[in-house]
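Participant: sequence first, predicted coordinates after that:
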Amino acid sequence: MRRLKFPLAFAVTISLAACASAASAPAQVTRVVSTTSFGMCVGYCITRLEITEGRAVLIREARGGRGAPRDLPEQRFTTQLTPTEWQDIERLAANVDFDALPDTVGCPDCADGGAEGLSVERAAGSESVALEFRASIPEAQPLLDRVRAIRDR
């Protein structure tokens, strides 16, 4: 009977370790989306940056206002991402703990300070946070910095 306890305990330990590592592995990131908007703005006031494996697409939309043209066309700018760039973004996105963040950080677009949004999409669903434009969020800062650098280029 004593001889069975060790192999049984070993098998249970290995089984539990396999379950724990499978449960903690993050689902693969399929897309990262970053948005900006400004309420008291005329012209191109809304951007949406969609980052997927191999490319980033920046979409700019116009908002009409006093004296502004109301029919400005949507603008699209595309850039290719290297596999290394995508892997870096995917790794940074997988490390963001959205459960540790509130849905909204600060007061997005209050006093026309602008608003920013960050979403990480996986096959199982998406998670997002809204924040003041260019605000710092320690839990997501490396990803925010990387995404902002792509938008700026």
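Facilitator: Done, it's in.

Participant: contacts only, for Arg76.
Facilitator: 57-60 (Cβ atoms under 8 Å, 6 or more residues apart in numbering). No exception for glycine: its C-beta is placed from N, CA and C like everyone else's.

Participant: name the nearest of those relative to Asp145.
Facilitator: For the contacts of Arg76, the residue nearest Asp145 by Cβ to Cβ is Leu58; the value is 16.8 Å.

Participant: residues contacting Asp112?
Facilitator: Residues touching Asp112, when contacts are defined by Cβ under 8 Å, 6+ apart, comprise 38-41.

Participant: apply 6 Å and report the result again.
Facilitator: Counting by Cβ atoms under 6 Å, 6 or more residues apart in numbering, Asp112 touches 39-40.

Participant: that older thread, would you mind listing which of the contacts of Arg76 are buried?
Facilitator: With burial judged by 16 or more other Cβ atoms under 10 Å, the buried subset of the contacts of Arg76 is 58, 60.

Participant: now the contacts of Arg76 in TSV, with distance to Glu116 and pLDDT?
Facilitator: Formatted as TSV, the entries for the contacts of Arg76 read as follows, by distance: Cβ to Cβ, whole Å; pLDDT from 0 to 100:
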residue	distance to Glu116	pLDDT
Val57	17	98
Leu58	14	97
Ile59	15	97
Arg60	15	95
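
Participant: which among the contacts of Arg76 gets closest to Ile137?
Facilitator: Leu58 (21.4 Å).
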